[in-house]
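Peer 1: Compute the structure for the input listed below.
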Amino acid sequence: MSDVPGFGKALVIITGASRGFGRALALEVAARVDATGSVLILAARSDDKLHELQTHVTRVASELTVRCVTADLSRKEDVERVITVIRETQCADIDHLLLFNNAASLGDVSRYCRDFTDVDEVDSYLSFNVSSALCLTTGVLRAVPRRVGLTRVIINISSLCAIKPFASWVLYCTGKAAREMMFRVLAEEEPDLRVLSYAPGPLDTDMQLQARSSSADGCVRSACSGLHAQGQLLTCEASVSKLMKVLLEGNFTSGAHLDFYD
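Peer 2: Residues are numbered from 1 along each chain as shown. Predicted structure coming up:
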């Protein structure tokens, strides 16, 4: 795929890589880097699915170095393990650093705000969906400091829920809004970085199945079911393709929120 525009020699980190959007992202990115000298680091909770993906990626780019890190990012030690792998990765003279903060969970959408009384439950959700993204990003930027000729890009996989409330989705909306502001602050503080929050649109994934099956709010549940019934859900591949186009063209304001439909 030498005629496909790409990122040159790159270090790419993808969290939540074992399925859905993260999996599609890994396969697409593998085809858009210079396989010789590039490294793809895949992190997710499922060891089996990660190594299955690794096999598929090497079929796309046989010379690409692919490292899998089985990690539950709600755990401090697992976040630190991912960062350690990045520090130990030898990738001299890379053109791009790309970190895709994709790992996320919908949370319990079968309840409303008034039903969340367990602080530990909320803390656990925010640890996985917010805290880990901040600490992992910081660790990556320290491990791969800025230098002349290196473009460092931080991508937050966001959602419409970062800017619009959905009844019975208090955890998900809160987590996405917090991450959105977190990366806007990062863009403000670090002008040498390229930072983007990308909302991939309504995807045909397990998360969407959970949303249309379990949402307590009838209107939200009906809307999610309608998208599925009417064939309006996007494939992960179509959304990833849009994101690749945006990143390669680079015509976005650092810190911006971009939706698939923009």
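Peer 1: and the closest residue in space to Gly149 that isn't next to it in sequence, what does it touch?
Peer 2: If the residues on either side of it in the chain are set aside, Gly149 comes closest to Asp95, at 7.1 Å by Cβ to Cβ, 6 or more residues apart in numbering. Where C-beta positions appear, they are placed from N, C-alpha and C, glycine not excepted. Taking Cβ atoms under 8 Å, 6 or more residues apart in numbering as the contact definition, Asp95 lies against Phe7, Gly8, Lys9, Ala10, Gly149, Leu150, Thr151.
Peer 1: Then Pro202?
Peer 2: Applying Cβ under 8 Å, 6+ apart, the residues near Pro202 are Gln208, Cys224, Leu227, Gln232, Leu233, Leu234.
Peer 1: most neighbours, which of these?
Peer 2: The most crowded member of these, judged by other Cβ atoms under 10 Å, is Cys224 (22 neighbours).
Peer 1: Specify the local secondary structure of that residue.
Peer 2: helix (DSSP: H, G, I helix; E, B strand; the rest coil).
Peer 1: Show me the helices in this protein, by range?
Peer 2: 20-30, 47-60, 76-88, 119-126, 132-143, 170-189, 206-214, 218-229, 236-249 (DSSP state H).
Peer 1: how much space between the residue nearest to Gly149 and Arg147?
Peer 2: 11 Å (Cβ to Cβ, to the nearest Å).
Peer 1: shaky segments in the stretch 1-150 of the chain?
Peer 2: 1-4 (pLDDT under 70).
Peer 1: Now a PyMOL select for only the buried ones of the contacts of Asp95.
Peer 2: Buried residues within these, by 16 or more other Cβ atoms under 10 Å, are selected in PyMOL with:
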select buried, resi 7+9+10+150+151
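Peer 1: What about the contacts of Asp95, which are in strands?
Peer 2: Of those, the ones assigned to strands by DSSP state E are Ala10, Thr151.
Peer 1: For the contacts of Asp95, could you give me CSV that also reports distance to Thr138?
Peer 2: Shown next, in CSV, are these (distance: Cβ to Cβ, whole Å):
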residue, distance to Thr138
Phe7, 22
Gly8, 25
Lys9, 24
Ala10, 20
Gly149, 23
Leu150, 17
Thr151, 19
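Peer 1: So which of the contacts of Asp95 is the closest to Ala103?
Peer 2: Of all the contacts of Asp95, Ala10 has the smallest distance to Ala103: 19.9 Å, by Cβ to Cβ.
Peer 1: which residues touch that closest one?
Peer 2: Counted by Cβ under 8 Å, 6+ apart, Ala10 has contacts Val33, Asp34, Ser38, Val39, Ile94, Asp95, His96, Leu97, Leu98.
Peer 1: Now, those that are in strands?
Peer 2: Using DSSP E, those in strands are Val39, His96, Leu97, Leu98.
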